[in-house]
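Trainee: mind folding the following:
(2 chains)
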Amino acid sequence: MREKNRGLALFTFLIFLFLLGPLLIISVTSFEPGTVLKFPPQGFSLRWYENIFEVEMFMETFKTSMIVSLAGNLLALALGIPAAYALSRFQFKGKSLLNGVFISPVLIPGIVMGFAMLKYVIITYQLPIYAGLLVGHTVLMLPFIIRVIASSLSNFDFAIEEASLSLGAGRLETFFKVVLPNIRSGIIAAVLIAFLESFNNVDISVFMTGPGVSTLPIQMLTYVENYFDPTIAAISVLLMIITAIFMFIIERLMGLSYFTKR
Amino acid sequence: MALLTLENVSVAYENQNILDNFSLNIEKGQLISLLGPSGCGKTTTLRLIAGFLEAKAGRFLFDGKDYTRVPVNKRNFGFVFQSYALFPHLSVFDNVAFGLRLRKVNQAEIDQRVRHILDVVSLNGFEKRFPKELSGGQRQRVAIARALVIQPDLLLFDEPLSNLDANLRVNMRVEIRRIQQELGITTVYVSHDQEECFSISDQVAIMNKGIIEQLDDPATIFKYPRTEFVARFIGFNNFIDFGERTEQDGEIHLTAGSHTFRAAKNPGTANHSGKKGAIRPDDLVVSAEEPADSVRNVLKGKVKVSTFLGRSYQYVVETDLGDFTVNQEMDSPYKAGQPVYLMFPKEKLVLVD
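Mentor: As a prediction, this is how the structure comes out:
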């Protein structure tokens, strides 16, 4: 038994090393004082963290990313909450088809989605770059919003809605006074996970960005093509920290198992 | 005039009629139960009255007004759910105050009315608790308080006790009856539990496949079921199909095979034309000795199975009119194969359709 356990422990360690090792190396090299990315680093310095804030393109694209992710999030919520509600609450023809359609952006490769949107939406309707980005990210976030909110509605006893109606509340009033407060943590989790998906997205954004307008991950990609200094490692560390904080909040709100079960 | 009238209503679900041309009258101040097996339409009837369902035909009259198209939130009926359906995000106080706030009652009056109704359901001191901090029985009381505090014109219960354990069920049903009588509120109560309905109701409607088989006070139903379905439902499980039926000297004479039976006329209720005899296992008498000639309604048979029920023995007796089940208290039981005589007291032999 002991032998077996030790083997399993080693295996687990190797898996974690494989998963987390690159992140660890990036984190360590971000403190490199020299001008070239090196491992192990030759000393300790925060100069490349300072550099992030001095490169104007990073600040500019960070702002774009924030605006697109937040605004897209609101749009996706406006579309996603009613959709999730309808899918959980009612039985109707074509429900499983609709379920599939709403999940499809997760299943279809981002590159395909991005290209399709560029060709059939952005070009067809001559959307300006900002608007295109927003549409793309809304579509990108929608399945996450719907899935997470639908799963928090799956534990919801709809008799509560009827109780509210029988006490004299209208349908809309019932939704805001009774349904919404009870799926609040699901909505917050949905917002956070969708935000991460959108903020870190490359494959759809790459088709939507254009001259003068870009998102942070796309800017980072462009940067590494031209420079090899540790700035990119520093930014990566900051993004990892943001992601970790978000995941922590989500875990506290409803448990990560929400995203592994279908 | 009846307070509530369902007039020839029909309700269909996925093209299947659950209620078809259904009618029901309820008098003011009464507690009426709808009782029946699952799928009999009792919950549908209740939800139709509440306004959660819409009838595709027929009318619903309440207090002389046509309520057929009045939406649920304008009906002012209190509804108590099987799952209690308390608002998980609100405290006991806020749960109960929910309906009052919607009615724009001022804060002082809300305080006073909520406290009073929590008093009625014996829950004062629990105002700040949340539903998840309460036991099943307490949740049910909150649900009842929440439905009562709006001073509803009608109170509706949908299997309110089925999630509680047996002891609590008995206590709560007494409680429900007490509150209902104290406030004199007209109540419709749905359950599949016979004892529950019989113990608290003024009237019981036994339902089957979307129709009311019998609507009477509990004692009448218990003694004089009208139909075979009702009889079976309340524990008559011996039946005899009779051939000819004649009335003589205030008795009903019936033939079955070579036997003649006599049944008493049911007092009170309309003595209908039923030709099927029904009798409870407890009301049959079994004996190993041949009864005197003067005793009527005797069938000779043979014990087929003998089982011990604790207080009494149960026998299945084989006769030329089929098998009969009989319960009898005795010290030494009959053995399987033993010849016995079954006696059917004429007052206990009920004729059903």
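Trainee: ranges for the strands of the stretch 151-300 of chain B?
Mentor: B:154-158, B:187-191, B:203-208, B:211-216, B:238-241, B:245-248, B:251-256, B:259-264, B:276-279, B:285-287, B:298-308 (DSSP state E, counting those that start in this stretch).
Trainee: from chain B, how far off is residue A:125?
Mentor: To chain B, residue A:125 is 41 Å away according to CB to the nearest CB, to the nearest Å. Quick note: C-beta positions are derived from backbone N, CA and C, even for glycine.
Trainee: any idea how far residue B:38 is from that residue?
Mentor: 55 Å (CB to CB, to the nearest Å).
Trainee: the two - which one has more neighbours?
Mentor: residue A:125 (10 against 7; other CB atoms under 10 Å in any protein chain shown).
Trainee: doesn't that one lie inside a helix?
Mentor: No - counting by DSSP: H, G, I helix; E, B strand; the rest coil, residue A:125 falls outside a helix, being coil.
Trainee: any idea of the pLDDT on it?
Mentor: Per-residue confidence at residue A:125 stands at 88 (pLDDT).
Trainee: contacting residues for it?
Mentor: Under the criterion of CB atoms under 8 Å, 6 or more residues apart in numbering or on different chains, the contact list for residue A:125 is empty.
Trainee: contact partners for the closest residue to chain A within the stretch 101-250 of chain B?
Mentor: Nearest residue of the stretch 101-250 of chain B to chain A: residue B:102, at 4.4 Å (CB to the nearest CB). By CB under 8 Å, 6+ apart, the contact list for residue B:102 reads A:167, A:168, A:169, A:173.
Trainee: could you measure from the second one over to residue A:238?
Mentor: To residue A:238, residue A:168 is 51 Å away according to CB to CB.
Trainee: now do the third one
Mentor: Here the distance between residue A:169 and residue A:238 works out to 46 Å (CB to CB).
Trainee: just checking, what packs against the helix or strand bottoming out on mean pLDDT in chain B?
Mentor: When each helix and strand of chain B is scored by mean pLDDT, DSSP states H and E, strand B:245-248 comes last, with a mean of 82. Applying 3 or more CB pairs under 8 Å, 6 or more residues apart in numbering or on different chains; DSSP states H and E, one finds that strand B:245-248 contacts strand B:251-256.
Trainee: tilt between the strand it packs on and strand B:298-308?
Mentor: Relative orientation of strand B:251-256 versus strand B:298-308 (axes from the mean of the first three to the mean of the last three CA atoms, to 10 degrees): 80 degrees.
Trainee: quick one, strand B:251-256 and strand B:259-264 angle?
Mentor: Going by the same axes, to 10 degrees, strand B:251-256 is angled at 150 degrees with respect to strand B:259-264.
Trainee: in strand B:251-256, what counts as buried?
Mentor: B:252, B:254, B:256 (16 or more other CB atoms under 10 Å in any protein chain shown).
Trainee: out of these, who's nearest chain A?
Mentor: residue B:252 (48.9 Å).
Trainee: spit out the contact partners of the nearest residue to residue B:38 once chain neighbours are set aside.
Mentor: Nearest in space to residue B:38, with sequence neighbours left out and distances taken as CB to CB, 6 or more residues apart in numbering or on different chains, is residue B:192 at 6.4 Å. Contact analysis of residue B:192 by CB under 8 Å, 6+ apart lists B:35, B:36, B:37, B:38, B:42, B:159, B:162.
Trainee: recalculate using a threshold of 7 Å.
Mentor: B:36, B:37, B:38 (CB atoms under 7 Å, 6 or more residues apart in numbering or on different chains).
Trainee: chain center to stretch A:34-43: distance?
Mentor: Computed by CA atoms, centre = their mean, to the nearest Å, the chain-centroid distance of stretch A:34-43 equals 31 Å.
Trainee: what about the helices in chain B?
Mentor: Counting by DSSP state H, chain B has helices at residues B:42-50, B:92-102, B:107-120, B:136-148, B:166-183, B:194-200, B:218-223, B:228-233.
Trainee: related to what we said a few turns ago, how about the buried residues of strand B:251-256 in CSV, adding pLDDT and distance to chain A?
Mentor: Formatted as CSV, the buried residues of strand B:251-256 follow (pLDDT from 0 to 100; distance: CB to the nearest CB, whole Å):
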residue, pLDDT, distance to chain A
B:252, 86, 49
B:254, 88, 50
B:256, 86, 50
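Trainee: how far does stretch B:142-153 stretch from start to finish?
Mentor: 19 Å (CA to CA, to the nearest Å).
Trainee: which helix is the longest one in chain A?
Mentor: Across chain A, the helix with the greatest residue count (assigned by DSSP H) is helix A:56-89.
Trainee: what about that one, near chain B?
Mentor: No - for helix A:56-89, no contact with chain B is found by CB under 7 Å from any CB of the partner chain; the gap never falls below 13.5 Å.
Trainee: ok, then the element right after that helix?
Mentor: helix A:95-107 (DSSP states H and E).
Trainee: tell me the secondary structure for the most centrally placed residue in chain A?
Mentor: The residue lying closest to the centre of chain A (CA atoms, centre = their mean) is residue A:197, at 1.7 Å. The three-state label for residue A:197, taken from three-state DSSP, comes out as helix.
Trainee: quick one: it and residue A:32, what's the gap?
Mentor: 30 Å.
Trainee: average pLDDT for stretch B:222-237?
Mentor: Average pLDDT, stretch B:222-237: 90.
Trainee: ok, and what's touching that stretch?
Mentor: Under CB under 7 Å, 6+ apart, the answer for stretch B:222-237 is B:194, B:198, B:206, B:208, B:213-214, B:221, B:239, B:266, B:269, B:272, B:276, B:278-281, B:325, B:350, B:352-353.
Trainee: burial count for the residue of the stretch 1-150 of chain A found nearest chain B?
Mentor: Using CB to the nearest CB, residue A:91 is the residue of the stretch 1-150 of chain A that sits closest to chain B, at 9.3 Å. For residue A:91, the neighbour count with other CB under 10 Å is 6.
Trainee: hmm, back to that, among the contacts of residue B:102, which ones are buried?
Mentor: Buried, going by 16+ other CB under 10 Å: A:167, A:168, A:169, out of the contacts of residue B:102.
Trainee: relative to residue B:133, which of those is nearest.
Mentor: Nearest to residue B:133 among the buried ones among the contacts of residue B:102, counting by CB to CB, is residue A:167 at 21.7 Å.
Trainee: separation between that closest one and chain B?
Mentor: In terms of CB to the nearest CB, residue A:167 sits 4 Å off from chain B.
Trainee: would you confirm that that residue contacts residue B:97?
Mentor: No - Residue A:167 lies out of contact with residue B:97 (CB atoms under 7 Å); the separation is 10.1 Å.
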